[in-house]
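[1] Here is my input; please provide its structure:
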Amino acid sequence: MLSGIITFLPLSSLKNTHDAHLFLDWLAKRKQRGWLQSPISAPLLMPYKNNGIGISPDLLEDIDAAPRPISPSERQQFLAQNASWLPDFALYHALSEHFRCPQWWLWPENIKKRAPKSLAYYQTKLAPLINAIINQQYQLFTKLSSLRQAATAKGLSLIGDLPFYIAHHSPLVWAHQNAFVLSAKGELDVVSGIAAKSNDIFGEQVWGHPLYNWSSHQEEVLTIFRLRLAFMAQFYDLIRLDHADGFFHHGAIYPATPEKNTILSGPGREALVSVLNFARKHSLDIFLDDIGADTSELHHLMDDQGLFGTNILTLASFANQHLLDISAYPPHKVAFSSTHDTPPLLSWLENLSPDLKHQLKVANHLPEELSDPDLAATLRDRLAQLSSSHLVIIPWQDWHLETWRFNIPGRENESHWEHKVKIAYNPQKESLV
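    Next up is the predicted model:
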């Protein structure tokens, strides 16, 4: 398991690959160990409700500038390495453009249901568009592979984020409809989220993904997880598995009849172990988002497997007082100063109640007169330098004491993640603006 300090910054927050390589230089100069990114599949503005596979064409603006021609052998090798998902991915996006509709459940019945004759017809009819999409993915893969090679040469690891769910409009859902809880028309009567009765620290939320059909098609669901892990293994050394408790319990939200909202049992230990073992075969380490997990089953598995969980300073509260004292964070918990789902550290402190802020200062033996910016900088630096946590993750905003945030959980109809960071690096001063 990777150890040390890493920074969280979505790759989509950088304008181009030049800036991405400058950011690697900054990380290396500061003797950090890696870079945590958010998901890279489309749509980038909803990274935790995305396709779950493939690279967004909107990632890094220079991606289409003078693309290098692909030789027949390179194309064949690329297709072979990604044969488990790329043909369906390319056909789905070609069909979306052809019908001017990414909602596959609104397509003509034969292609919606993937009738073999209909698939063959459109594969021929849309061949030029399919080839263009494959070539575009190749160019994107080349850029990200180059970024990983540069990171490795600097002694840095790249860390990816695997959302538990994927979007309804994903090519994976279209290609594996039996693996999801869908109506006869392919629509959603029940979706993902947090039911009010679940005691989750984030409260009731509607996420809006299709639920997995664990009860009838568990092996096909696991196939989808394996496809996604194999895809991510091409770019990352370590993976954060979001909402790991979903393998044991998950919310079922009925938008039209909210009185039916409930909590369902997941497939359990065996399914998660299968996912973990597959990741290890692909040289991927995994740590788990176990925040809000209310099951001892997950934590027993983590103990048995030696898996790391997560602590987040900005989730400290009177109900979570164990998060107040940074020095008490255990080595087997990856420590975050804040995350994309919480306010940045300074913003959190500015809105903290006086009583809890006092308790925070007492727990960390800090003077009462510290201003919020000084308190944020001190807590951040103590977390990075003095915490017992094996791995510490500091988001970009917390390094720079900025208060803008990427995301507000559960507000699925609002647009987030638009923020761009413009890089100007001074090697002499080891500074990055």
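[2] ok, now how distant is P171 from E97?
    13 Å (Cβ to Cβ, to the nearest Å). (Each C-beta comes from the backbone N, C-alpha and C, glycine too.)
[3] who's more crowded, these two?
    A count of neighbours by other Cβ atoms under 10 Å puts P171 above the other of P171 and E97, at 27 against 14.
[4] contacting residues around L162?
    39, 228-229, 232, 239-242 (Cβ atoms under 8 Å, 6 or more residues apart in numbering).
[5] Can you report how many residues lie near the residue lying closest to A377 once chain neighbours are set aside?
    Distance criterion Cβ to Cβ, 6 or more residues apart in numbering; nearest residue to A377, sequence neighbours excluded, is L401 at 6.4 Å. By other Cβ under 10 Å, 17 other residues sit near L401.
[6] In contact with L401, which residues are there?
    345-346, 373, 376-377.
[7] And the pLDDT for it?
    pLDDT, L401: 96.
[8] Let me know the distance separating it from I394.
    Note on L401: its distance to I394, by Cβ to Cβ, is 11 Å.
[9] how near is L27 to L60?
    17 Å.
[10] Pull out the buried residues from stretch 377-391.
    Neighbour-count burial for stretch 377-391 flags 377-380, 382-384, 387, 389-391 (criterion: 16 or more other Cβ atoms under 10 Å).
[11] can you tell me which two in the residues you listed are farthest apart?
    Pairwise distances across the buried residues of stretch 377-391 peak at 23.0 Å for A377 and H390 (criterion: Cβ to Cβ).
[12] circling back to that earlier point, and the buried residues of stretch 377-391, which is the shakiest by pLDDT?
    Among the buried residues of stretch 377-391, S387 carries the lowest pLDDT, at 82.
[13] tell me the contacts of it?
    Counting by Cβ under 8 Å, 6+ apart, S387 makes contact with 326-327, 329, 335.
[14] hang on, it in a strand?
    No. Counting by DSSP: H, G, I helix; E, B strand; the rest coil, S387 falls outside a strand, being coil.
[15] And the pLDDT at E204?
    pLDDT for E204: 78.
[16] Would you confirm that it contacts A195?
    Yes. If you go by Cβ atoms under 8 Å, E204 and A195 touch, sitting 6.7 Å apart.
[17] how far does stretch 251-259 sit from the chain's center?
    Computed by Cα atoms, centre = their mean, to the nearest Å, the chain-centroid distance of stretch 251-259 equals 25 Å.
[18] Likewise for stretch 180-190?
    Worked out by Cα atoms, centre = their mean, stretch 180-190 lies 24 Å from the chain centre.
[19] Can you give me the first-to-last residue distance of that stretch?
    Using Cα to Cα, to the nearest Å, the end-to-end distance of stretch 180-190 comes to 11 Å.
[20] any residues touching that stretch, and which ones?
    Here stretch 180-190 makes contact (Cβ under 8 Å, 6+ apart) with 104-105, 112, 168, 173, 177, 208, 210-213, 252-254, 256.
[21] go again using 6 Å as the cut-off
    Outside stretch 180-190, the residues within contact range by Cβ atoms under 6 Å, 6 or more residues apart in numbering are 105, 168, 173, 210-211, 213, 252, 254.
[22] partners of P210 in the sheet?
    Beta-bridge partners of P210, counted by DSSP bridges, are V191.
[23] How about N50: what's its closest non-neighbour residue?
    S41 (4.4 Å).
[24] Could you report the pLDDT at the one you found?
    95.
[25] so it, which of the three states?
    Judged by three-state DSSP, the three-state class of S41 is coil.
[26] how many other residues sit next to S353?
    Residues near S353, counting by other Cβ under 10 Å: 10.
[27] Report pLDDT for L432.
    pLDDT for L432: 54.
[28] should've said S71
    pLDDT, S71: 87.
[29] and the gap between the residue lying closest to D161 once chain neighbours are set aside and S389?
    Nearest non-adjacent residue to D161, counting by Cβ to Cβ, 6+ apart: R240, 5.0 Å away. According to Cβ to Cβ, R240 and S389 sit 14 Å apart.
[30] Touching stretch 53-60 from outside, list them.
    For stretch 53-60, the external contacting residues (Cβ under 6 Å, 6+ apart) are 12, 16-17, 40-42, 44, 85, 89, 136, 140, 172, 231.
[31] Which helix or which strand is home to T310?
    In this assignment (DSSP states H and E), T310 forms part of strand 309-312.
[32] in its sheet, what does the helix or strand that comes right after that strand sit against?
    Toward the C-terminus, strand 309-312 is succeeded by strand 333-336 as the next helix or strand (DSSP H and E). Applying DSSP bridges to the sheet, strand 333-336 is found paired with strand 309-312 (parallel), strand 391-395 (parallel).
[33] name the element T7 belongs to?
    Take DSSP H and E as the rule and T7 turns out to sit in strand 4-8.
[34] Moving C-terminal from that strand, which element do we reach first?
    Next in sequence after strand 4-8, counting helices and strands by DSSP H and E, comes helix 17-29.
[35] which intervals of the stretch 251-400 of the chain have sub-threshold pLDDT?
    Residue ranges of the stretch 251-400 of the chain with pLDDT under 70: 293-295.
[36] Pull the contacting residues for the spatially closest residue to A179 that is not a sequence neighbour.
    With sequence-adjacent residues excluded and distances taken as Cβ to Cβ, 6+ apart, A179 is closest to E220, at 4.2 Å. By Cβ under 6 Å, 6+ apart, E220 lies in contact with 176, 178-179.
[37] for this protein, what's the longest helix?
    If you go by DSSP state H, the chain has its longest helix at helix 127-153.
[38] can you pick the most crowded of the contacts of stretch 53-60?
    Comparing these by number of neighbours (other Cβ under 10 Å), F231 comes first, having 26 neighbours.
[39] I'd like the next helix or strand past the strand or helix carrying it.
    F231 is part of helix 214-232 when elements are defined by DSSP H and E. For helix 214-232, the succeeding helix or strand toward the C-terminus, using DSSP H and E, is strand 238-241.
[40] Mind checking the pLDDT average for that next one?
    The pLDDT scores in strand 238-241 average 97.
[41] Quick check: which helices or strands does that strand pack against?
    The contact analysis (3 or more Cβ pairs under 6 Å, 6 or more residues apart in numbering; DSSP states H and E) places strand 238-241 against strand 157-162, strand 285-288.
[42] same thing but at 10 Å, please
    strand 34-36, strand 157-162, helix 214-232, helix 269-281, strand 285-288 (3 or more Cβ pairs under 10 Å, 6 or more residues apart in numbering; DSSP states H and E).
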